[in-house]
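Colleague: prediction below, plus the sequence it came from.
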Amino acid sequence: MMIRIIFIVAVFCFCSCNTNNENNILHTFPFTLTDHNNISIQVVVNKKDTLNLMFHTAASSVDLTNEATSKINSIHWDSETAVKTWGGDATSRYSNINTLEIADLKWDSLTIWENENSGPSTDGKFGPNLFAGKVLEINYDNRKINLHKTIPTYAKEYVKLPIALENDMMFIECMSTIEADNFPKRFLIHSGYRGTILYDDRFVAKSKIGERIKIQSEQELTDSHGNILKTKRGEIPLFTIGEFDLENMPVGFFEGAIGRQNMSILGGDILRRFNIIIDSKREHIYVKPSQLINAPYTSI
């Protein structure tokens, strides 16, 4: 009799939790994980043009590429202005009054900017500011984004980490191990970058990473306005997020360009390895290994 009573209570609790989680979801919609580790979401602009936009965790505006805007006519450009970019200065056109729809979500009177580039196979990008005030869940296993009223109960199975929020950009502290030295450092959560991490110039100079790891390759990165930056790629033995270790991980950095890369970034090749929940105030991130935790690192 005792066993049966315990069983009934356990079932009741399980069902109750599932019901609470379902009632807690405000919106849910699918995404595509591209070959470049970007999150691509289908949107409709001005009730007319269907596009695929990259969800960029470090972006605060809605941008469309030149190629995309040349193929649509629902946007009327108001003017252009000078903008600061990752790799330098540029000019960008903008349009002030537009609508955007994702599944059953709709935004009015949005300003849309024009950029030269976005993630491959996407027509532009948008950031988490469109989901302000909502709990944001990125589930790489199910390829879905869920927006919640409050933190779901299953977040207790995740590891909770603090977020430093600056100018709508989210940073978390991680640990890099180079040779026998540990370097705690904060990283910008940057789903637009396809690689693992990109170190800032000051860290590169201080740690002398270029002298301590084997350089495997060099490559060119292009920002959203076409400015070209050259980066080196090597491998560190250990990178730690919370209690999770990633071993023998490729990393990128610039050398001899102090002041150009002023923050370290954590890119899509790491983010895809975790299912992620971010609270509504962007104060904490919850991470749990996804099915991609041990996937081969992206060749870049």
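Modeller: Ah, there it is. Residues are numbered from 1 along each chain as shown.

Colleague: just give the nearest non-adjacent residue to residue 282, would you?
Modeller: The shortest distance from residue 282 to any non-neighbouring residue, by CB to CB, 6 or more residues apart in numbering, is to residue 165 (4.9 Å). Every C-beta, even on glycine, is put in place using the N, C-alpha and C of the backbone.

Colleague: is the one you found in contact with residue 283, as I believe?
Modeller: Yes: assessed by CB atoms under 8 Å, residue 165 is found in contact with residue 283 at 7.1 Å.

Colleague: checking the most centrally placed residue in the chain next. Helix, strand or coil?
Modeller: Nearest to the geometric centre of the chain sits residue 191, at 2.6 Å (CA atoms, centre = their mean). Reduced to three states with DSSP: H, G, I helix; E, B strand; the rest coil, the structure at residue 191 is coil.

Colleague: give me the phi and psi angles of the nearest residue to it once chain neighbours are set aside.
Modeller: Computed as CB to CB, 6+ apart, the closest residue to residue 191 that is not its neighbour in sequence is residue 57, at 4.4 Å. With angles defined as degrees, to the nearest 10, residue 57 sits at phi -70, psi -10.

Colleague: mind listing what residue 57 touches?
Modeller: Residue 57 sits next to 127-128, 170, 189-192, 271 when contact means CB atoms under 8 Å, 6 or more residues apart in numbering.

Colleague: which one of those sits in the busiest neighbourhood?
Modeller: With neighbours taken as other CB atoms under 10 Å, the top of those is residue 191, carrying 27 neighbours.

Colleague: any stretches of the stretch 51-200 of the chain with poor pLDDT?
Modeller: 83-89 (pLDDT under 70).

Colleague: where do the helices sit along the stretch 1-150 of the chain?
Modeller: Under the criterion DSSP state H, counting those that start in this stretch, the stretch 1-150 of the chain contains helices at 2-24, 66-69.

Colleague: lowest average confidence across those helices, which one?
Modeller: Of all these, the minimum mean pLDDT falls on helix 2-24 (a mean of 47).
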